[in-house]
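[1] no FASTA, just this:
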């Protein structure tokens, strides 16, 4: 089955969430949202998982959402959105740079996802509110951060086999895991975002992973966002 595809170009005035315009406001927003993050068990496997990602060009952000059905790992829908870039690059504030366009892309999907995978952090963040946690709270949906690189914390080297993982520790607590998604490849960094715990986050990420290092929904979203950027 060929996935359905849709694209939108949405002016900022029509976005459903008000986004801060500077670092001070953004930090205050993070502090407020952090208290609403819930790390709890997630039973079973979500039937529909969406991977989301964004690419940038000059003053524009290109976001993509790719919906997959589990356990078959079939791509059912793809959607994208193009918005003006309204927040600078500041480590730890990715939500405010990518979030508006990602939400716009998700709104173009016909099927609401049961869970979101984001190329970023959940609670493995200096203030405990990375983009996965942030959007999970705003959208009231379970979310997982699955990043290529580490933002905070330390970990031992996980075992070499697929599924091996080591706790990612930050300021005395476990905030995520370095997870091996293929034998003898570099680990990805998994952290629960909202309405899911670490063990279930690892289980879902492995259930979304095929032949490659990154989970398939994230690989597709990364590819689609870059294709949209190339197409302007």
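    Cool, the structure landed. In this text the structure is predicted, and so the values were computed from the model without any measurement.
[2] what residue ranges in this protein score low on pLDDT?
    Within the chain, the segments meeting pLDDT under 70 span 1-18, 232.
[3] remind me, longest helix of it?
    In the chain, assigned by DSSP state H, the helix with the most residues is helix 216-231.
[4] counting contacts, what elements does it pack onto?
    strand 48-57, strand 60-69, strand 74-84, strand 115-118 (3 or more C-beta pairs under 8 Å, 6 or more residues apart in numbering; DSSP states H and E). C-beta: built from backbone N, CA, C; applies to glycine.
[5] Report the buried residues of stretch 31-46.
    The neighbour-count check on stretch 31-46 (16 or more other C-beta atoms under 10 Å) flags 33, 34, 37, 39, 42, 46 as buried.
[6] picking up where we left off before, mind listing what's buried in the longest helix of the chain?
    Applying 16+ other C-beta under 10 Å to helix 216-231 flags 216, 217, 218, 219, 220, 221, 222, 224, 225, 226, 228, 229 as buried.
[7] so how far is residue 173 from the residue nearest to the second one when sequence neighbours are not counted?
    Going back to what we said before, that points to residue 217. Spatial nearest neighbour of residue 217, chain neighbours left out: residue 51 (2.7 Å); criterion: C-beta to C-beta, 6 or more residues apart in numbering. Distance check for residue 51 against residue 173: by C-beta to C-beta, to the nearest Å, it reads 27 Å.
[8] Comparing these two, which shows the higher neighbour count?
    The residue with more neighbours, out of residue 51 and residue 173, is residue 51; 28 against 11, by other C-beta atoms under 10 Å.
[9] That one and residue 223 touch, don't they?
    No: in this structure, residue 51 is not within contact of residue 223 by C-beta atoms under 8 Å, at 10.2 Å.
[10] Contact partners for the nearest residue to residue 57 once chain neighbours are set aside?
    Nearest residue to residue 57 in three dimensions, chain neighbours excluded: residue 229, at 5.0 Å (C-beta to C-beta, 6+ apart). By C-beta atoms under 8 Å, 6 or more residues apart in numbering, the contact set of residue 229 is 55, 56, 57, 60, 62.
[11] looking at those residues, which has the most residues close by?
    Going by other C-beta under 10 Å, residue 62 tops the contacts of residue 229 with 26 neighbours.
[12] can you give me the helices for this protein?
    Taking DSSP H, the helices of the chain run over residues 23-34, 94-106, 131-139, 198-207, 216-231.
[13] could you redo the buried residues of helix 216-231 as TSV and give each row distance to residue 160?
    Formatted as TSV, the buried residues of helix 216-231 follow (distance: C-beta to C-beta, whole Å):
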residue	distance to residue 160
216	22
217	25
218	22
219	22
220	27
221	28
222	25
224	32
225	31
226	30
228	36
229	35
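[14] Which positions in stretch 133-148 come out as buried?
    Of the residues in stretch 133-148, those buried (16+ other C-beta under 10 Å) are 133-139, 141-147.
[15] gap between it and the chain center?
    A distance of 6 Å separates the centroid of the chain from that of stretch 133-148, by C-alpha atoms, centre = their mean, to the nearest Å.
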